[in-house]
Structures are given as structure tokens and as C-alpha cells.
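*Asks:* whatever this is, show me its structure:
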Amino acid sequence: MIIILEKWRRFDYIDSHGRNVMQLWADSLPMSKRDRGRLDSKIDMLGKEGDNLPPGLLQDTRCSHIKEIRVNGQVALRALLCRGPFDMQREFTFLLGAVERDRRYVPRDAPERAEGNRCDLLKRGRQGRKKHERFSKTSV
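*Replies:* Prediction:
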């Protein structure tokens, strides 16, 4: 049994209808098992290392509170997240999933939507999110 010590907790945003937006996104894409594994691996690194990730893995977006994890594969995956927002020193929350085509987000306003989800989460409180689960555990 392998035990992974994680310094950073990771959560998924739950919309006002009780839906996990990240899981819905992952389930809606033609994502290969390999791409799911790559995404999970980078998210696992985030849990262990926080902001101290290799260059290019955790990048800023045009919205100041929103960052992205980039996974290039059959589909260019972009997991949009924020630090906190309740414990800025020990947690990240995934707010929206997007893809990139021709150097543009799909949906085009993905960072702004992620920021809207962050603001909604701040209003609703901690019940607006749940602990992140690996994408590779879900069926393809």
C-alpha cells in the first residue's frame, strides 16, 4: 500500500443544483484513460507540492484569482482553480474545466466563469464544494 502525504487539500466546486462541475466536465469529454491519468497525476502533484510545481504546470490566467493546470494530450485540458478560498495556506478549489483549441479556451470565457464560481462559493460557504476525487476512478 502506498501512502501519499498531501500538504494541500483539493476540492471541487458544487453548483447551486448540487452538481460537481469538474466531474461533469470530465465525463462530458472524449478523454482517454491516459489523459485522465495525466490530469490526476498533475492534481496529485498539486496536493503534495502546492504552488512549488515545475514551471508551466500551474499558470496564471487573465483573471487574477484563477490559475490553470495544463494537460496536453489528445485533448488540451485546462483545469481552472483558485487557491483557497477559505484556507489560503492549505487548499485549492477546482472551479471549472475547459479545453483549449487554437490557443483559445472553450468556452471562451472560461476564466471569467471560474471567477464567477469562486465568488458564488464565497457567498455560499464551504457547503458549495466537496473533496476532489480522482478522474481515473470514473468510467469513461
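
*Asks:* could you pull out the helices for this protein?
*Replies:* Assigned by DSSP state H, the helices in the chain fall at 21-28, 33-49, 110-124.

*Asks:* on contacts alone, who are the packing partners of the second one?
*Replies:* The elements that helix 33-49 packs onto, with contact taken as 3 or more Cβ pairs under 8 Å, 6 or more residues apart in numbering; DSSP states H and E, are strand 9-13, strand 67-71, strand 77-83. C-beta here means a position set from N, CA and C on the backbone, and glycine is covered the same way.

*Asks:* who wins for proximity to Lys123 among those?
*Replies:* strand 9-13 (12.3 Å; Cβ to Cβ).

*Asks:* which residues touch Asn20?
*Replies:* Asn20 makes contact with 12-14, 130 under the criterion Cβ atoms under 8 Å, 6 or more residues apart in numbering.

*Asks:* can you list the residues you listed in CSV and add neighbour count?
*Replies:* CSV is the format used below for the contacts of Asn20 (neighbours: other Cβ atoms under 10 Å):
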residue, neighbour count
Asp12, 23
Tyr13, 24
Ile14, 20
Lys130, 15
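
*Asks:* okay, the residues you listed in a markdown table with pLDDT next?
*Replies:* Listed next are the contacts of Asn20 as a markdown table, based on pLDDT from 0 to 100:
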| residue | pLDDT |
| --- | --- |
| Asp12 | 98 |
| Tyr13 | 98 |
| Ile14 | 97 |
| Lys130 | 96 |
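
*Asks:* now what about stretch 117-128, what contacts it?
*Replies:* The contact list for stretch 117-128 (Cβ under 8 Å, 6+ apart) reads 13-16, 21, 65-66, 82, 85-86, 93, 95-96, 129.

*Asks:* still on that earlier bit, would JSON lines of the helices of the chain with mean neighbour count and distance to Val71 be doable?
*Replies:* JSON lines is the format used below for those (neighbours: other Cβ atoms under 10 Å; distance: least, Cβ to Cβ, whole Å):
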{"stretch": "helix 21-28", "mean neighbour count": "18", "distance to Val71": "11"}
{"stretch": "helix 33-49", "mean neighbour count": "17", "distance to Val71": "5"}
{"stretch": "helix 110-124", "mean neighbour count": "19", "distance to Val71": "15"}
